[in-house]
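> quick one, structure for this:
(chains A, B and C)
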Amino acid sequence: MSDRFANWKPPVIEEGKLTKWNWMVQGVKGLKLGNKTDIGAFTYINANHGVEIGDNVQIGSHCSIYSLSTIDSKQGKIVIKENACIGSHSIVMPGVTIGKNSIIGAFTFVNKDVPDDVVAVGVPARIIKKSVGIK
Amino acid sequence: MSDRFANWKPPVIEEGKLTKWNWMVQGVKGLKLGNKTDIGAFTYINANHGVEIGDNVQIGSHCSIYSLSTIDSKQGKIVIKENACIGSHSIVMPGVTIGKNSIIGAFTFVNKDVPDDVVAVGVPARIIKKSVGIK
Amino acid sequence: MSDRFANWKPPVIEEGKLTKWNWMVQGVKGLKLGNKTDIGAFTYINANHGVEIGDNVQIGSHCSIYSLSTIDSKQGKIVIKENACIGSHSIVMPGVTIGKNSIIGAFTFVNKDVPDDVVAVGVPARIIKKSVGIK
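Below is the predicted model of the structure:
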């Protein structure tokens, strides 16, 4: 990772309030956030049923990470493993695991598990190639 | 609806300011909001030309409900009828009516009326099936 | 432009904070904003590597204007020329120039330059027609 993380500190997160970086979490108790993670502006995380974000994960702006989707009554823990990247304006649905080093493109709807080391894009997400070496 | 609405109260909405749930309305006087409605974080409603949202309507996060679209100078009242659901990151354009019990998928661009009891998805929205019984 | 801009004044923009209209800029020193510009709610501008927005430009809600994309380490000045319009939920990537009078559709991923006087849509953006006379 670039040295912009040299002075990284865990963010202060208050229930339902915008952080300093203007992203927001509901169900804060259910959120487990790794080191040197980076979350973009206007991203919303619902952690009521658990959201675990590994070290060095990057999430773009305007994403929705839903461990609870009230519209279709789905719920389940979300796991985003270390070094994964999620492009902006993407949605991660309940119960999904995203593997290590994987890259999710912008505007992607992730409703199934994504393995390690791949690039996935689209609505719904499909794997288009290996991610190893492209970051 | 689930009993999370048992204690539902009309939200406090101030012109142009984030609500407690971090959605925002411009033209508040033009908004008519039903009971037990649920609106997601970072959703923006422009109600200058009227937005009527029926009982039990659910709107996801990051939606745009535009009774006025300044970019193309379109304007017109939007009606979202009872029990309709709008998936996250969707856009509803001026003058559109969305029917009872209908479901709009995530990332959908709704620029024409949607009848009752259907599922519509895509850019622009197209009907893909009946919604009855799938909620 | 409509006379809603008759009393237009430059917006007050504080680093990393929501403006009165609920859009947000990081790297404010790198932003050059023209007259009678209009930027929508929940739009995020990263101007660390320069963002120049011309007169009469309109940007919809929920857009991401990235002169720095940390996920893929791209960076470069963005120029959006006079009278261009960017539809809501669109992403403009580092180094891109969008030409005069051009229109970017909603949900568009702009990762290459767009010339003057065209309409571009899609992920990634492709030109679909001339824009002259359609506004």
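
> before we move on, what SS does residue A:29 have?
Following DSSP: H, G, I helix; E, B strand; the rest coil, we place residue A:29 in the helix state.

> burial of it, as a residue count?
Residue A:29: 10 surrounding residues under other CB atoms under 10 Å in any protein chain shown. Heads up, the C-betas are built off the backbone N, CA and C, glycines and all.

> what about the closest residue to it other than its chain neighbours, how many residues close to it?
Nearest residue to residue A:29 in three dimensions, chain neighbours excluded: residue A:47, at 7.5 Å (CB to CB, 6 or more residues apart in numbering or on different chains). Look at residue A:47: counted by other CB under 10 Å, it has 25 neighbours.

> how about the one 10 residues further on?
Neighbourhood size, residue A:57 [other CB under 10 Å]: 23.

> quick one on the thing from earlier: so who does the residue nearest to residue A:29 touch?
By CB atoms under 8 Å, 6 or more residues apart in numbering or on different chains, the contact set of residue A:47 is A:25, A:26, A:27, A:28, A:29, A:30, A:31, A:65, A:67.

> what about chain A, any weak spots by pLDDT?
Along chain A, segments meeting pLDDT under 70 span A:1-3, A:133-135.

> phi first, then psi, for whichever residue of it sits closest to chain C.
Relative to chain C, the nearest point of chain A is residue A:41 (4.3 Å; CB to the nearest CB). With angles defined as degrees, to the nearest 10, residue A:41 sits at phi -60, psi 150.

> check the one 10 residues further on too.
Torsion angles at residue A:51 (phi, psi; degrees, to the nearest 10) stand at phi -140, psi 120.

> and chain A, which residues reach chain B?
Along chain A, the residues adjacent to chain B under the rule CB under 8 Å from any CB of the partner chain are A:16, A:18, A:24, A:26, A:42, A:44, A:62, A:64, A:70-73, A:89, A:91, A:107, A:109, A:123.

> rewinding a little: surely the residue of chain A closest to chain C touches residue A:19?
No. Residue A:41 is beyond contact range of residue A:19, at 9.5 Å (criterion: CB atoms under 8 Å).

> and these two? Which one has more around it.
For the pair residue A:41 and residue A:19, the greater number of neighbours falls to residue A:41 (26 against 15), based on other CB under 10 Å.

> quick one: contacts for the more buried one?
Counted by CB under 8 Å, 6+ apart, residue A:41 has contacts A:21, A:22, A:23, A:61, A:62, C:24, C:26, C:44.

> check residue A:60 too.
By CB under 8 Å, 6+ apart, the neighbours of residue A:60 are A:40, A:43, A:85, A:86, A:87, A:88, A:89, A:90, A:106, C:64, C:71.

> what residue is smack in the middle of chain A?
The centroid of chain A falls nearest to residue A:59 when counting by CA atoms, centre = their mean (5.2 Å).

> quick one: name the residues of chain A near chain C.
Near chain C, when you scan chain A using CB under 8 Å from any CB, you find A:2, A:4, A:18, A:20-22, A:38, A:40-42, A:58, A:60-62, A:85, A:87-89, A:103, A:106-107, A:135.

> which of the residues you listed count as buried?
Buried by 16 or more other CB atoms under 10 Å in any protein chain shown: A:18, A:21-22, A:38, A:40-42, A:58, A:60-62, A:85, A:87-89, A:103, A:106-107, out of those.

> sort out for me which of the residues you listed are in strands.
The strands, defined by DSSP state E, take in A:38, A:58, A:85, A:103 from those.

> for whatever residue of chain A ends up closest to chain B, name its beta-bridge partners.
Nearest residue of chain A to chain B (CB to the nearest CB) works out as residue A:44 at 4.3 Å. On the basis of DSSP bridges, residue A:44 takes part in beta bridges with residue A:24, residue A:64.

> can I assume it is in contact with residue A:27?
No. If you go by CB under 8 Å, residue A:44 and residue A:27 don't touch, sitting 11.2 Å apart.

> who's more crowded, the two?
Remark: of residue A:44 and residue A:27, residue A:44 carries more neighbours, 23 against 17, as counted by other CB under 10 Å.

> from residue A:90, how far out is the more buried one?
For residue A:44, the distance to residue A:90 equals 12 Å [CB to CB, to the nearest Å].

> name the residues contacting each of those two.
With CB under 8 Å, 6+ apart as the test, residue A:44 and residue A:90 both reach A:63, A:64.

> so who does the residue lying closest to residue A:74 once chain neighbours are set aside touch?
Once flanking residues are discounted, residue A:74 sits nearest to residue A:94: 4.3 Å by CB to CB, 6+ apart. Neighbouring residues of residue A:94 by CB under 8 Å, 6+ apart: A:49, A:66, A:67, A:68, A:69, A:74, A:75, A:76, A:77, A:78.

> at 6 Å instead, please
Counting by CB atoms under 6 Å, 6 or more residues apart in numbering or on different chains, residue A:94 touches A:66, A:67, A:69, A:74, A:75, A:76.

> list buried residues within these.
By neighbour count, with 16+ other CB under 10 Å, the contacts of residue A:94 hold A:66, A:67, A:69, A:75 as buried.

> in a markdown table: these, plus distance to residue B:11 and secondary structure.
Shown next, in a markdown table, are the buried ones among the contacts of residue A:94 (distance: CB to CB, whole Å; DSSP: H, G, I helix; E, B strand; the rest coil):
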| residue | distance to residue B:11 | secondary structure |
| --- | --- | --- |
| A:66 | 21 | strand |
| A:67 | 23 | coil |
| A:69 | 20 | strand |
| A:75 | 23 | strand |
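
> related to what we said a few turns ago, tell me the SS of the residue nearest to residue A:74?
coil.

> from residue B:48, how far off is it?
35 Å.

> isn't residue A:49 up against residue A:74?
No. Taking CB atoms under 6 Å as the definition, residue A:49 is not a contact partner of residue A:74, at 9.4 Å.

> next one: the residue nearest to residue A:74 from residue A:105, what distance?
With distances taken as CB to CB, residue A:94 is found 20 Å from residue A:105.

> ok, residue A:53 next?
Residue A:53 is 19 Å from residue A:105, where distance means CB to CB.

> also residue A:50?
Plainly put, residue A:50 is 25 Å away from residue A:105 if you go by CB to CB.

> likewise for residue A:36?
As judged by CB to CB, residue A:36 and residue A:105 stand 22 Å apart.

> out of these two, which sits in the busier spot?
residue A:105 (21 against 15).
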